[in-house]
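Q: Pasted the sequence and its predicted model underneath.
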Amino acid sequence: MLNAARLGAAALSAALLAGVAAGPALADSPSPSDGSATPAAPAAPAAPTTSAAPAVPDGLYGKSDPTYDGVWRQSLALTALSAAKVTPADSAVAWLTGQQCEDGGWPSYRAAGAACDAKTEDSNATAVAIQALVALGGHQPAVDKGVQWLKANQNADGSWPYNPGSPGDANSTGLAVNALFAARTDPASVAKAGSGGAAGKNAFDGLAHFQLGCTAPADQRGAFAFQPDPAAGTLAPNTLATAQAALAAAGGHLPVTTSVRAESTPKPLACADGSAPTAVPHAEAGEAVGAYLTAQLSAGGRHLTLTMPGAEPKPDYTATAWASLALTQSGHPEQASEAVDWLEGQGATWTKNGTDAAATATLLMVAQAAHHDTAGLTDQLTALGPAPKGHAASAYATPVKKKSDGFGQFWLIIVGLLVGIGGGLLLSLQRKRNPNL
């Protein structure tokens, strides 16, 4: 999970404050009023003043600086286009596979010819790259190496950090669990041994480490914190952490293609008086976070809100998108429907008129999960990268009828009625003139 200090990039921080970034798993920093603290991070290095941003490589989707989100946006784009039955150009796939390091991990971006640095490989890029390659098919060796990298860089408490060796966070852990599901690896079986060979916690335990349970106030139960407070160890809800971890809690991955529908609204966490467990059981995690997100979407006017210190609260497009995907995955598309409609209505703003590859790809996956017409978004995303090899009819496209067909049928019916009425009147007049008819 990235934050502004880890990135060391003022430009990306400014984009976050504008509320339109759709980059790699950025947890919104909670406002001081909610009683939580921004996660600690090393000081950001000084921004370079003379070096220019790297040129956008051939095969990469989007035209902006890829330094901090190249693998992220490429993975989302390839995942969304695969679901839209688009066969991407070989150069697009080769760029993503070429970013993988020998140990199986992916960095956010690696310039052509640059050596891999294990310290810059990250779980977010690796997790979405795995999901993209699974969606594309035919890349099992790369997927297997990526899964092995995730296993090797899991913390003993079951969680994943953004970069290896750091404390885990909910966003990175959720994305890693998504990747395991996509690769058909049971998260319950993924656990790293602790010190002295002791059994470590599994991936579901790691996810539960960040979820607020029965000891939290009733209106916060089911939410996820980005990380526990470093001093007190307490948890405070974080909007984007909750939305991104929710898809993992619901047992899903990208793209969301489920058609399961629950018969009721998400069930809030069941808390017995006097015997509240400190951790949310895995079997209840998806429903509990779904209930929390449903309440937040309703209270926020169909969307979630980004809060950053010193800035006015803004609609959080990325968190709203992940929340809608999680609700759909857990069998509650009706609770996601208004958020989906809101996102589509705000699509031009969020995607910067279809020029932001990550946002456009995420919105496309939201529309796909909701089974909405996706032809326009597919065309927008396709235009941001190399020409595809093929484009089959999408399962989500809405066939358009020719106006002339409907028009012709309409007039045929009218003419037939007029002929029938006219014939009846003529016969009636003839009978009056000649009763013998």
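A: Great, that's in hand. Predicted model, so just to flag it, every value in this text is computed and none were measured.

Q: Quickly note the distance from Ser64 to Ala188.
A: As judged by CB to CB, to the nearest Å, Ser64 and Ala188 stand 39 Å apart. C-betas here are computed from N, CA, C, even on glycine.

Q: So between these two, which is more surrounded?
A: Comparing Ser64 with Ala188 by other CB atoms under 10 Å, the one with more neighbours is Ser64, at 20 against 12.

Q: give me every residue that touches the more buried one.
A: 56, 356 (CB atoms under 8 Å, 6 or more residues apart in numbering).

Q: where's it relative to Ala358, distance?
A: 9 Å.

Q: so who does the closest residue to Gln211 other than its chain neighbours touch?
A: Leaving aside its sequence neighbours, Gln211 sits nearest to Val280 (CB to CB, 6 or more residues apart in numbering; 4.6 Å). By CB under 8 Å, 6+ apart, the contact list for Val280 reads 208, 211-213, 222, 269, 288.

Q: Likewise for Asp205?
A: With the criterion set at CB under 8 Å, 6+ apart, Asp205 makes contact with 157-158, 191, 279.

Q: try it again with 6 Å
A: For Asp205, the contact set (CB atoms under 6 Å, 6 or more residues apart in numbering) comprises Gly158.

Q: Tell me, how many residues neighbour Gly137?
A: A count of nearby residues for Gly137, using other CB under 10 Å, gives 9.

Q: Check Ala383 too.
A: 12.

Q: From Gln100, how far out is it?
A: Plainly put, Ala383 is 26 Å away from Gln100 if you go by CB to CB.

Q: Ala250 now?
A: In terms of CB to CB, Ala250 sits 28 Å off from Gln100.

Q: Spatially central residue in the chain, please.
A: When CA atoms, centre = their mean is applied to the chain, the residue found nearest the centroid is Trp322 (4.3 Å).

Q: my read: that residue touches Ala243, true?
A: Yes - counting by CB atoms under 6 Å, Trp322 does reach Ala243; the two are 3.9 Å apart.

Q: Please pull out the lowest mean pLDDT helix or strand from the chain.
A: Least confident helix or strand, the chain: helix 10-17 with a mean of 37, by mean pLDDT, DSSP states H and E.

Q: helices or strands up against whichever helix or strand comes after that helix?
A: Next in sequence after helix 10-17, counting helices and strands by DSSP states H and E, comes helix 70-83. On a contact count with 3 or more CB pairs under 6 Å, 6 or more residues apart in numbering; DSSP states H and E, helix 70-83 meets helix 123-136, helix 357-369.

Q: pLDDT below threshold where in the protein?
A: For the chain, applying pLDDT under 70 flags the ranges 1-51, 194-198, 273-277, 393-437.

Q: Domains in it, by residue range?
A: 4-400, 406-437 (automatic domain parsing).

Q: so how far is the first one off the chain centroid?
A: Taking the mean of its C-alpha atoms, domain 4-400 sits 5 Å from the chain's own mean (CA atoms, centre = their mean, to the nearest Å).

Q: I'd like the distance between the closest residue to Val134 other than its chain neighbours and Leu78.
A: Distance criterion CB to CB, 6+ apart; nearest residue to Val134, sequence neighbours excluded, is Ala182 at 4.5 Å. The gap separating Ala182 from Leu78 is 13 Å, by CB to CB.

Q: Looking at these two, which has the bigger crowd around it?
A: Leu78 (27 against 23).

Q: which ones are touching the residue lying closest to the more buried one once chain neighbours are set aside?
A: Leaving aside its chain neighbours, Leu78 sits nearest to Ala132 (4.4 Å; criterion: CB to CB, 6+ apart). Residues in contact with Ala132 (CB under 6 Å, 6+ apart) are 75, 78-79.

Q: Dump these into CSV; add distance to Ser108 as well.
A: Formatted as CSV, these follow (distance: CB to CB, whole Å):
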residue, distance to Ser108
Ser75, 11
Leu78, 16
Thr79, 17
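
Q: with those residues in mind, which one is nearest to Gly165?
A: Ser75 (23.2 Å; CB to CB).

Q: is it true that that closest one touches Ala127?
A: No - at 8.7 Å, Ser75 and Ala127 do not qualify as touching, with contact defined as CB under 6 Å.

Q: tell me the phi and psi of the nearest residue to Asp186 once chain neighbours are set aside?
A: Distances taken as CB to CB, 6+ apart place Leu180 nearest to Asp186, at 7.4 Å, with adjacent residues excluded. Dihedral pair for Leu180: phi -60, psi -40, per degrees, to the nearest 10.

Q: The helix or strand Asn171 falls within to helix 123-136, inter-axis angle?
A: If you go by DSSP H and E, Asn171 is part of helix 170-182. On the basis of axes from the mean of the first three to the mean of the last three CA atoms, to 10 degrees, helix 170-182 is oriented at 20 degrees to helix 123-136.
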